[in-house]
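[1] Got a predicted model here, sequence first, then my questions.
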Amino acid sequence: MKSVRIGIIGFGKVIRAFLELYPDKRDWIKSRYQQDLQIVAICDSTEYMHNPDGFDPGELLAYKLEKIASDKRGRPLDQSEVGYVVNSFLEMGVNVALEALPPTRETGEPAQSYILAFLNAKVPVVTVNKSPLVYGYQTLYTAARKQHVALKFSGTTGAALPTTDTIATALAGAELYGFEAILNGTTNFLLTEMIKNQSDLATELEIAQELKICEPDPSLDINGWDTAFKTLILAKAFIDPYVELPDVQVQGIQSLTYADIEPVIQAGNTLKLLGKAGFENDRLRLRVKPSIITPEHPFFHVDGTTKAITLFTDTMGRLTMIGGSSGLKETAATILKDLVNTHRDFSRT
């Protein structure tokens, strides 16, 4: 039985969802993968905690939620604590770090510094944070390769849609030369409802917020930037690590009205916000834009919060995956998957 000793950085909604999911899966993972997952350290804006024997996830969740309810909060973590946190985690025998700090819109910090420090200490990292990958992927990738440790980030590019694992493992040996994808469940839901109800974006946004399908501030989603981040991460990881955010042409759905969509529907088509990567004149082009989808396209019936991707390869043709709805539970499931895979023996089934 392999002991997977987890150190967590951050305590947001995704980590809370992970702590709810993890107890139900722990015994099955022991049986199926011969791994005992233990949370032995956690650090957030309020405190650093450790337990060499492993925390009870339910008790840890209850304690942290009570602390939040009593508003006993400290200042956000920054780069000044990196050395202390890494050394403290290493003393607890942490052999995989789970980074889930709040994302930042214009920089990968402080998450990038934490991830880099753990990689340089030969500790594999699982992250659900897009920011450090958008702004520092090449640095992190280089460190991971140099230290021969894993950097897992499948929760950043479509949650339960197994995009990164498929490209990295199932398509090993094939060259990915492009893709197109529905990567944001919120915008797909909004467009689906606008078409179905012949309504405007503001009306459907209000409903989506009531259903907790989108954030109170949905600007990153509807302006196309969430899709742009995910498109860029996939392109950096599997096509060209040197492309940057300014290379992505971004057009969201914030200005769309049903009057704009109606001619598309009357012609028998539909509209989806796609992230696209492909070569034109030997240059990689990245685009995010509302795109007309014809009935024969595999995305035509991909509605609601469901996501999809078509991968274009040199030797395995086109591969389309559809599924992986949005939600905290689904993102928590990607964390669990990535944690298992950092220490998994792939010679066994």
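    Nice, thanks for sending it over.
[2] okay, CA-based contacts and neighbour counts for the rest of this
    Fine.
[3] quick one, helices of the chain?
    For the chain, applying DSSP state H gives helices covering 13-33, 57-69, 82-91, 111-120, 130-147, 163-165, 185-197, 201-210, 219-222, 225-238, 258-266, 328-342.
[4] Adding mean neighbour count and mean pLDDT, write the ones you listed out as TSV.
    Shown next, in TSV, are the helices of the chain (neighbours: other C-alpha atoms under 10 Å; pLDDT from 0 to 100):
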stretch	mean neighbour count	mean pLDDT
helix 13-33	16	94
helix 57-69	14	89
helix 82-91	17	95
helix 111-120	23	97
helix 130-147	20	96
helix 163-165	19	91
helix 185-197	22	96
helix 201-210	16	92
helix 219-222	19	94
helix 225-238	24	96
helix 258-266	14	96
helix 328-342	21	93
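[5] could you dump these to JSON lines with distance to Leu319?
    Below are those laid out as JSON lines (distance: least, C-alpha to C-alpha, whole Å):
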{"stretch": "helix 13-33", "distance to Leu319": "28"}
{"stretch": "helix 57-69", "distance to Leu319": "38"}
{"stretch": "helix 82-91", "distance to Leu319": "40"}
{"stretch": "helix 111-120", "distance to Leu319": "32"}
{"stretch": "helix 130-147", "distance to Leu319": "24"}
{"stretch": "helix 163-165", "distance to Leu319": "11"}
{"stretch": "helix 185-197", "distance to Leu319": "20"}
{"stretch": "helix 201-210", "distance to Leu319": "31"}
{"stretch": "helix 219-222", "distance to Leu319": "26"}
{"stretch": "helix 225-238", "distance to Leu319": "15"}
{"stretch": "helix 258-266", "distance to Leu319": "26"}
{"stretch": "helix 328-342", "distance to Leu319": "21"}
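[6] can you tell which of the ones you listed is closest to Cys43?
    With respect to Cys43, and counting by C-alpha to C-alpha, the nearest of the helices of the chain is helix 82-91 at 7.4 Å.
[7] That closest one vs helix 111-120, what angle?
    40 degrees (axes from the mean of the first three to the mean of the last three C-alpha atoms, to 10 degrees).
[8] Is the nearest residue to Gln249 once chain neighbours are set aside bridged to anything, and to what?
    Nearest non-adjacent residue to Gln249, counting by C-alpha to C-alpha, 6 or more residues apart in numbering: Arg287, 4.7 Å away. Beta-bridge partners recorded for Arg287 (DSSP bridges): Gln249, Lys276.
[9] roughly how far apart are Val243 and Lys236?
    Distance, Val243 to Lys236, by C-alpha to C-alpha, to the nearest Å: 6 Å.
[10] hmm, back to that, list just the one of the helices of the chain that sits closest to Tyr48.
    helix 82-91 (8.0 Å).
[11] which strands and helices sit next to the closest one?
    Contacts defined by 3 or more C-alpha pairs under 8 Å, 6 or more residues apart in numbering; DSSP states H and E place helix 82-91 against helix 111-120.
[12] just how off-centre is the helix it packs on within its chain?
    17 Å (C-alpha atoms, centre = their mean, to the nearest Å).
[13] And stretch 304-313, by the same measure?
    Here the centre of stretch 304-313 is set off from its chain's centre by 15 Å, with C-alpha atoms, centre = their mean.
[14] Also stretch 300-313?
    The chain centroid and the centroid of stretch 300-313 are separated by 16 Å under C-alpha atoms, centre = their mean.
[15] got it, and stretch 239-246?
    The chain centre lies 18 Å from the centre of stretch 239-246; the measure is C-alpha atoms, centre = their mean.
[16] Pull the residues that contact that stretch.
    Contact with stretch 239-246 is made by 134-135, 137-138, 176-178, 228-229, 232, 235-236, 284, as judged by C-alpha atoms under 8 Å, 6 or more residues apart in numbering.
[17] Likewise for stretch 312-320?
    171, 174-179, 298, 308-311.
[18] quick one: the residue nearest to Gln249 and Leu232 touch, right?
    No - between Arg287 and Leu232 there is no contact, the gap being 9.4 Å when judged by C-alpha atoms under 8 Å.
[19] Fine, thanks again, bye for now.
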